[in-house]
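Colleague: Test case, fold it:
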Amino acid sequence: MGSKGSKLSKEDLRFLEENTNFQRNEIKQWFKGFMRDCPDGQLSQEKFKEVYAQFFPGGNPDEFCRHVFRSFDKDGSGSIEFKEFLLAINITSNKGNPKDKLNWAFDMYDIDGNGTIDKAEMESIIKAIYNMLGNAITDVNIDTPKERTLKIFSKMDTNNDGVLTKEEFITGCMNDQCLYQMLTADADGGPK
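Modeller: Below you'll find the model as predicted:
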């Protein structure tokens, strides 16, 4: 799917210019950094965890990284190639469109890929987020993952069937800035 070797192909560059919010020079800079960190052109799950751990020194990001990595590794190869990487960065960064970000977040929360999020999946991701944040969580009144899941479902599960469809998830997040921030890890705020 991505570019092998140490040169970004013209096709990949054109594809990324057309499918991300990055300019040509930004794409080339990202590629340079990616190849410096992943000389074989493949970002392994282990390397991904290493990088993520630097941002959360007081926590354990392993479980959360597994979910994020799965959502980025679109072709299921077990590694992330440059195109997958930059498409994912584009969606998850502040440059990303809120609906694209929510589609990505839904896919990450839908662990079994069946098109809905059940309470066990939601609780699993929230637990992973809490573990990742570790001692950065200072609020003693914070909900347990189970309590947080129940609150989310009470707001989003509009037909009360016990699962969230993509439509319920996106609508619920678009209408609740706090949920949007928490479920997409967007510190900038909510949908604009």
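
Colleague: Ile27 - how many residues pack around it?
Modeller: For Ile27, the count of nearby residues is 21 (other CB atoms under 10 Å). All C-beta spots, glycine's among them, are computed from the backbone N, C-alpha and C.

Colleague: Could you do Ser9 as well?
Modeller: Ser9, neighbours per other CB under 10 Å, totals 14.

Colleague: same deal with Asp62?
Modeller: Neighbours around Asp62, by other CB under 10 Å: 14.

Colleague: how near is Lys10 to Lys28?
Modeller: Note on Lys10: its distance to Lys28, by CB to CB, to the nearest Å, is 12 Å.

Colleague: err, Gly78, not the other one
Modeller: Using CB to CB, we find Gly78 at a distance of 26 Å from Lys28.

Colleague: Neighbour count for these two, which is higher?
Modeller: Taking other CB under 10 Å, Gly78 and Lys28 do not tie; Lys28 has more neighbours (14 against 10).

Colleague: secondary structure element for the more buried one?
Modeller: Assessed by DSSP states H and E, Lys28 sits inside helix 24-37.

Colleague: okay, that helix in CSV with CA atoms only?
Modeller: These are the backbone C-alpha positions of helix 24-37, laid out as CSV (Å, rounded to 0.1, in the frame of the first residue of the first chain):
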residue,chain,number,x,y,z
ARG,A,24,3.8,19.0,-0.6
ASN,A,25,6.7,20.3,1.5
GLU,A,26,5.0,19.1,4.7
ILE,A,27,4.5,15.6,3.2
LYS,A,28,8.2,15.5,2.3
GLN,A,29,9.2,16.5,5.9
TRP,A,30,6.9,13.9,7.4
PHE,A,31,8.4,11.3,5.0
LYS,A,32,11.9,12.3,6.0
GLY,A,33,11.2,11.9,9.7
PHE,A,34,9.3,8.6,9.1
MET,A,35,12.2,7.1,7.2
ARG,A,36,14.7,8.3,9.8
ASP,A,37,12.7,6.5,12.5
